[in-house]
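Fold the stuff below for me.
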Amino acid sequence: MNSLAEIEAAIMQLSEGEIRDLSNWLQEYINHSWDKQIEADAKSGRLDRLIQRAKADIDANQVKPLDEVLNNP
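Numbering: from 1, shown residues only. Just a heads-up that it's a prediction; the model follows:
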């Protein structure tokens, strides 16, 4: 399989359970890729400005509890 169309066609041949397994695998793959990107960004210093800003906001008491943020869309 060399193209997205071929992959899509193959996926359409899978059973519901196999599709669910594939979905779980794909999500784990995406999560791992994201973790690697965050790690690389942290090592390169790309996140330093954001970290310093977050620390300054915490020091200035300009933050909300996470549960308050998540429960108020």
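
Which parts of this structure are helices?
Assigned by DSSP state H, the chain shows helices spanning 4-11, 16-44, 48-59, 66-70.

can you put the ones you listed in CSV and add mean pLDDT and mean neighbour count?
Glycine gets a C-beta too; all of them are placed from N, C-alpha and C. Converted to CSV, these look like this (pLDDT from 0 to 100; neighbours: other C-beta atoms under 10 Å):
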stretch, mean pLDDT, mean neighbour count
helix 4-11, 96, 10
helix 16-44, 98, 10
helix 48-59, 96, 10
helix 66-70, 88, 9
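
In this structure Leu47 contacts Asp41, no?
Yes - between Leu47 and Asp41 there is a contact at 5.3 Å, judged by C-beta atoms under 8 Å.

Phi and psi next, for Ser3.
phi -130, psi 160 (degrees, to the nearest 10).

pLDDT score assigned to it?
pLDDT for Ser3: 95.

neighbours of it, just the number please.
8 (other C-beta atoms under 10 Å).

Got the phi and psi for the residue sitting furthest away from the middle of the chain?
Taking C-alpha atoms, centre = their mean as the measure, the residue most remote from the mean C-alpha position of the chain is Ala60, 28.8 Å away. Backbone geometry at Ala60, expressed as degrees, to the nearest 10, gives phi -90, psi 0.

residue contacts, it?
Residues near Ala60 by C-beta atoms under 8 Å, 6 or more residues apart in numbering: none.

Now do it against Asp67, distance only.
For Ala60, the distance to Asp67 (C-beta to C-beta, to the nearest Å) stands at 21 Å.

before we move on, what about Ile30?
Ile30 is 26 Å from Asp67, by C-beta to C-beta.

go on, Asp59?
Relative to Asp67, and taking C-beta to C-beta, Asp59 is found at 21 Å.

Perfect, I'm done here.
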